[in-house]
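K.L.:
next one to model:
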Amino acid sequence: MQASKPLQLLSKACIYVLLLAGAALFLVPLLWMFSTALKPLDQTMSLPPSFIPYRFHTEIAGELVSVQRGRTFARPVLQVRTEEGRVELVEAAAIEDGRWANPDDPRFGQEVTVLDRIAASDENPWMEVRPEDRPDHAWLFVPVDRVERSIGPRWANFQNALAAMRYFPRYLTNTLILCVLTVVGTVLSCSLAAYGFSRIAWRGRDKVFLLALATMMIPFPVIMVPVYTLFRQLGWIGTLRPLWVSSFFANAFSVFLLRQFFLTIPKDLSDAARIDGCSEFRIYWQIMLPLCKPALMVVALFQFMYTWNDFLGPLIYLTDQKDFTLALGLQFFQSQQGGTEWHYLMAASTVVILPIIILFFFTQRTFIEGISMTGLKG
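P.N.:
Take a look at the predicted model:
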């Protein structure tokens, strides 16, 4: 017994370490999203990748300024003005006798005006920089050792991302409306069905319940076309109704979860209520539902998260941008940029996912209690 105790402690320690390692591994994508939301675009694809957003600073006109980096030169460089009037930085070897010297350059032979000569070298490289808040500013040239790096999150990314999603308040309103309607529909319909499957004895009850559970095995793409056809015949395509009306017809998983919880409640409560003259609906409404708050909260939280993150449903049924939900709005925001601006996309995604994280932290005690009390009683 004495020898087994250290082994038990070691086994528990290994389990805790594995759980912590798994939790940390699952947190990596979330942390990367938060980190990318605070970076400029050029840092989102930088190699090696960095979780910590940073800025570059250098002194310009006696003032420390946050700058964007450009090219680095380790050879002598000339600042020239072309015949078109543009000011460029080129390697000294590209200019000879005031003309472009590279035969492969389409400007070969054209005259340029040399404005400045910079003695860059391998020992003293120079770099192009320009103020980060002035993207239209001309590039400046400074020694590389004068450019310093420091931690610098870009909080303005969130404001810019939301400003680019001009219908964001409308997306948020549509999503909240759907969340409220689907949560109400799911809680009412599933609790009523679960009460019938667990507290009322009727012929074929268990077989019908197994049949209902079997519907969980049918993937949505199998029924997608028939359901879409039904809603089209009802004239609901292009409205929010296909996304919330079905929640009032129960779903197998939530019914199963609530049924298991109903089975843990002593039947003596229902029998005593029937003796006092209560109807089945009154027993369900006034006795069973108040006792099932933890399980109802779990079902409501699951449904809220599903509706908040649902992308396929809105993609199929919604046609007007003003009716889009947040998930679909993010996809539309990405497509309208031409090229993906990952820092703005991650900032918008952070804003979208943050309410779910906050909701879970505030309801985690009720959530865990509901799961643990439900059990798997048959």
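K.L.:
break down the stretch 51-200 of the chain into its helices, ranges please.
P.N.:
Along the stretch 51-200 of the chain, the segments classed as helices by DSSP state H, counting those that start in this stretch run 156-164, 168-199.
K.L.:
looking at those helices, which has the lowest confidence?
P.N.:
For the helices of the stretch 51-200 of the chain, mean pLDDT drops lowest on helix 156-164, to a mean of 88.
K.L.:
related to what we said a few turns ago, of the helices of the stretch 51-200 of the chain, which stretch is the most buried?
P.N.:
Of all the helices of the stretch 51-200 of the chain, helix 168-199 has the most neighbours on average by mean count of other CB atoms under 10 Å, namely a mean of 20. All C-beta spots, glycine's among them, are computed from the backbone N, C-alpha and C.
K.L.:
between helix 168-199 and the following helix or strand past that helix, find me the angle.
P.N.:
Note on helix 168-199: by DSSP states H and E, the next helix or strand toward the C-terminus is helix 205-214. Here helix 205-214 runs at an angle of 150 degrees relative to helix 168-199 (axes from the mean of the first three to the mean of the last three CA atoms, to 10 degrees).
K.L.:
could you identify the helix or strand that succeeds helix 205-214?
P.N.:
Using DSSP H and E, the next helix or strand after helix 205-214 towards the C-terminus is helix 220-233.
K.L.:
which one of the helices of the stretch 51-200 of the chain lies closest to E96?
P.N.:
E96 lies closest to helix 156-164 among the helices of the stretch 51-200 of the chain, at 44.9 Å (CB to CB).
K.L.:
output the contacting helices and strands for that closest one.
P.N.:
Applying 3 or more CB pairs under 8 Å, 6 or more residues apart in numbering; DSSP states H and E, we find helix 156-164 packed against helix 342-374.
K.L.:
pLDDT (mean, whole number) over the helix it packs on?
P.N.:
For helix 342-374, the mean pLDDT works out to 81.
K.L.:
buried ones in stretch 345-364?
P.N.:
By neighbour count with 16 or more other CB atoms under 10 Å, stretch 345-364 contains the buried residues L345, M346, A347, A348, S349, T350, V351, V352, I353, P355, T363.
K.L.:
correction: the previous question concerned stretch 110-117.
P.N.:
Neighbour counts over stretch 110-117 (16+ other CB under 10 Å) mark V112 as buried.
K.L.:
average pLDDT for that stretch?
P.N.:
Mean per-residue pLDDT for stretch 110-117: 83.
K.L.:
residues contacting it, please?
P.N.:
76-83, 87, 92, 95, 98-100, 141 (CB atoms under 8 Å, 6 or more residues apart in numbering).
K.L.:
quick one: which of the helices of the stretch 51-200 of the chain is nearest C14?
P.N.:
Nearest to C14, of all the helices of the stretch 51-200 of the chain, is helix 168-199, at 39.2 Å by CB to CB.
K.L.:
quick check: angle from the closest one to helix 156-164?
P.N.:
Interaxial angle, helix 168-199 versus helix 156-164 (the same axes, to 10 degrees): 90 degrees.
K.L.:
what is helix 168-199 packed up against?
P.N.:
helix 205-214, helix 241-244, helix 252-263, helix 293-309, helix 326-336.
K.L.:
could you check how far the residue lying farthest from the centre of the chain is from T82?
P.N.:
Most distant residue from the mean C-alpha position of the chain: D97, 57.1 Å away (CA atoms, centre = their mean). From D97 over to T82 the distance is 16 Å, taken as CB to CB, to the nearest Å.
K.L.:
repeat for L243
P.N.:
As judged by CB to CB, L243 and T82 stand 58 Å apart.
K.L.:
give the residue from those two that has the larger number of neighbours.
P.N.:
More crowded of L243 and T82, by other CB atoms under 10 Å: L243, with 24 against 15.
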